[in-house]
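Novice: Mind folding the following:
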Amino acid sequence: MPQNPPRPLHFAAFVMNTTGHIVQGTWRRPHARQTDFNSLDHWVDLAKTLERGKFDAIFFADVVGLYAPYRGDERKYFEAGLQVPSNDPSVLASAIAYATEHLGIAFTASILQEHPFNFARRISTLDHASKGRIAWNIVTNYLPNASRNFGLEGLTAHDERYAWADEYVDVTYKLWEGSWEEDALLQDPVTGIHADYDKVHRINHEGPRYRVEGPHLVTPSPQRTPLLFQAGASEAGRTFAAKNAEAVFIQSPNLDSAARDTSDIRSRAVQHGRRAEDLKFFQGLYVVPGSTEEEAKRIAAELDEWIDYDAQLSHMSGAVGIDFGHEDLDKPIGELRTEGVQSIVGWIKDLVTDRPATLRDVAHYTATNSRIVGTPEQIADRLAKWQAAGVDGINLVNAEIPGSYEDFVDQVVPVLQARGLAQTEYAEGTLRHKLFGQGDRLPERHQAARYRGAFAPVRVASAL
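Specialist: Residues are numbered from 1 along each chain as shown. Down below sits the predicted model:
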């Protein structure tokens, strides 16, 4: 019986507008250029490399505060360049859009950092400018310093943050999907009517956190609503993804976990009236290719010599909100519950099954677990296994910029394309259409679609 041909995986480059993102310390290597993050040319050049490799998107992470103290303060983050300084990634979007034709531009923005009315306006502007290539990675916030930066006394409780996010996206959906009718913009030089006033509507949102009258100030962009990414792994985060996300960023520690994670969230999406195929899952991985397996292992060993494992632990420590800086690295991590990233401790325990997991394991695995080392053919074999586990794409982590992506584009992509595991040409249309092949707009079964036509006045026919 003939087998179905393989489906191309989707690829995004997982970056951050900073020096030290995921793999700490490798910015010190001679050919690394992460320290050029202030340069617009740095990001435009990378975007062109990604487009040459037929990547679907460049995906910017972001934070709006410092991680929790490590050894009592934030000194380590500054000394290691660990996500500080950190620039606003959305500012880069229009330049990247102008320099490329097909590459999607996804950036992270927290519900904490901007009022939804202004955020919706900025997204629509960028979606117009990019001809429909913008994606929003929706995040809440897990950093107490970020909360205080925006006037809050401390970190909002975990599940309450997702209730906040529910209202935040509701406001943006109303603005994007419901404020302007499709044919409201006329620009008719004969009549002199620029827009049909009767087809532009206030949304009059009133909720626990926001009161927004409207209307949206920007006409419907190519996608109306940007492609929606989300990365929450907690119970509340999974439910939020099932209701809202189109692309879900996961960091599953192994294939079995990926199969469980993707199946769980897809089933939740179905419970919310969507289809399982309405979600695409991107696994975070990075690769170290070599012409032979021995060469790849040698390159990986050289990389390991540059990794700052103390910074790796400080990153994890700061994320979960527990200062591990004064602890013995061989101390078991035990049962930890925190308002920070709840999934991380379980992730380490899944990896270390023959003994109690320790802080040394935390430092080691955060730097190396998501890594595939081997020949391009071996890497392709491994990526096919991730796909079989339910993954639709890879969010490719870097140890060096631009080297990690140049190596992948030049060495691995041709093998993937030959096997049908990577696209050889871009589809036309918006980022949403490129990924799903079903048009530029959200499908009717997405919860945002209920606002289409929802704010138009009900017109009653006059009596004869």
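Novice: Might you list the low-confidence residue ranges for this protein?
Specialist: The model of the chain has pLDDT under 70 over residues 1-3, 334-347, 349, 458-464.
Novice: hey, which strand is longest across the protein?
Specialist: strand 280-289 (DSSP state E).
Novice: And that strand, what does it pack against?
Specialist: Applying 3 or more Cβ pairs under 8 Å, 6 or more residues apart in numbering; DSSP states H and E, one finds that strand 280-289 contacts strand 10-16, strand 247-250, helix 255-271, helix 293-306, strand 371-374, helix 376-388, strand 393-396, helix 403-407. For the C-beta atoms, the positions are set from N, CA and C on the backbone; glycine is no exception.
Novice: how about the ones you listed, which one is nearest residue 28?
Specialist: Closest approach to residue 28 among those (Cβ to Cβ): helix 293-306, 6.0 Å.
Novice: circling back: now the helices and strands packed on strand 280-289 in a markdown table, with distance to residue 88 and mean neighbour count?
Specialist: As requested, the helices and strands packed on strand 280-289 are exported to a markdown table (distance: least, Cβ to Cβ, whole Å; neighbours: other Cβ atoms under 10 Å):
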| stretch | distance to residue 88 | mean neighbour count |
| --- | --- | --- |
| strand 10-16 | 11 | 25 |
| strand 247-250 | 20 | 26 |
| helix 255-271 | 29 | 17 |
| helix 293-306 | 28 | 15 |
| strand 371-374 | 29 | 20 |
| helix 376-388 | 32 | 18 |
| strand 393-396 | 20 | 26 |
| helix 403-407 | 22 | 19 |
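Novice: now residue 399: how far from residue 414?
Specialist: 21 Å (Cβ to Cβ, to the nearest Å).
Novice: Neighbour count: the two, which is higher?
Specialist: Neighbours of residue 399 and residue 414, each counted by other Cβ atoms under 10 Å, are more numerous for residue 399; the result is 28 against 15.
Novice: Just read off the phi/psi values of the more buried one.
Specialist: phi -100, psi -30 (degrees, to the nearest 10).
Novice: hang on, it packs against residue 26?
Specialist: Yes - assessed by Cβ atoms under 8 Å, residue 399 is found in contact with residue 26 at 4.6 Å.
Novice: Next, show the common contact partners of those two.
Specialist: Common neighbours of residue 399 and residue 26, counting by Cβ atoms under 8 Å, 6 or more residues apart in numbering, are residue 303.
Novice: Check the secondary structure at residue 190 for me.
Specialist: Each residue gets one of three states, and residue 190 gets coil by DSSP: H, G, I helix; E, B strand; the rest coil.
Novice: Could you check how many residues crowd around it?
Specialist: For residue 190, the count of nearby residues is 5 (other Cβ under 10 Å).
Novice: and it, what does it touch?
Specialist: By Cβ under 8 Å, 6+ apart, residue 190 has no neighbours at all.
Novice: I figured residue 204 was touching residue 210, is that so?
Specialist: No - with contacts counted by Cβ under 8 Å, residue 204 stays clear of residue 210, the gap being 11.5 Å.
Novice: re earlier: got the buried residues for the longest strand of the chain?
Specialist: Neighbour-count burial for strand 280-289 flags 280-289 (criterion: 16 or more other Cβ atoms under 10 Å).
Novice: Turn these into CSV, columns for distance to residue 72.
Specialist: Putting the buried residues of strand 280-289 into CSV (distance: Cβ to Cβ, whole Å) gives the following:
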residue, distance to residue 72
280, 42
281, 38
282, 36
283, 35
284, 30
285, 34
286, 32
287, 37
288, 35
289, 41
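Novice: Which one of these is nearest to residue 367?
Specialist: Lowest distance from residue 367 to the buried residues of strand 280-289 (Cβ to Cβ) belongs to residue 286, with 10.1 Å.
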